[in-house]
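Just need the structure, nothing else, for what follows:
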Amino acid sequence: MIVHVLRFGFADETTHDEIAAIEAALRRLAATEPVAFSVVGQDLGDPAEGFTLSYCVAFDDLAALEHYMLHEPSHKEADFLIMPRVARMAAVDVTDDDDPALRATVGELWQRRIAGDPELAALFG
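The predicted structure follows:
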């Protein structure tokens with residue numbers, strides 16, 4: 001199992017309607033076939049950290065994560081909705097797989113995703 005958690009803090013000018021649209025996009029992404037389970041909602045961490053929304057998705061295996069990262073169209077749609085409005089973001093991945101190479105493999109998936117899409121590369125650049 002691989003669990004991916006994102007925490008978001010949005011720019012002050014981000015409207016309630018924009019945040020609602022972001023949550024809806026994340027829920028659509030979390031409902032895709034590769035996702036084993038998900039949670040999308042308010043961040044319960046320390047408010048002083050500036051995060052208000054969290055997104056957690058889990059994948060049964062690396063193949064499911066790869067599909068999500070490289071082949072899920074709603075992923076790119078969510079990125080383009082979210083990233084222009086983000087003031088702060090934190091990510092963490094957790095796994096019960098003891099393969100020491102998994103960290104590098106997940107990083108390579110991210111690199112392949114960005115390298116294969118100049119629009120995404122510019123968005124995250």
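
Show me what counts as buried in stretch 84-99.
Within stretch 84-99, the residues that count as buried by 16 or more other C-beta atoms under 10 Å are 85, 95. Backbone N, C-alpha and C define where each C-beta goes, glycine included.

what does that stretch rub up against?
1-12, 14, 18-19, 22, 49-51, 102, 105-106 (C-beta atoms under 8 Å, 6 or more residues apart in numbering).

now the residues you listed: which count as buried?
The neighbour count (16+ other C-beta under 10 Å) marks 2-4, 6-10, 14, 18-19, 22, 51, 106 as buried among the contacts of stretch 84-99.

Go through these and name the one nearest residue 114.
Nearest to residue 114 among the buried ones among the contacts of stretch 84-99 is residue 106, at 13.3 Å by C-beta to C-beta.

Report the secondary structure state of the closest residue to the closest one other than its chain neighbours.
If the residues on either side of it in the chain are set aside, residue 106 comes closest to residue 93, at 6.2 Å by C-beta to C-beta, 6 or more residues apart in numbering. Secondary structure, DSSP: H, G, I helix; E, B strand; the rest coil: residue 93 is strand.

ok, now how distant is residue 93 from residue 117?
Distance from residue 93 to residue 117, counting by C-beta to C-beta, to the nearest Å: 21 Å.

Residue 29 too?
Distance from residue 29 to residue 117, by C-beta to C-beta: 16 Å.

ok, back up a step: restricted to helices, list the buried ones among the contacts of stretch 84-99.
18, 19, 22, 106 (DSSP state H).

Done for today, thanks.
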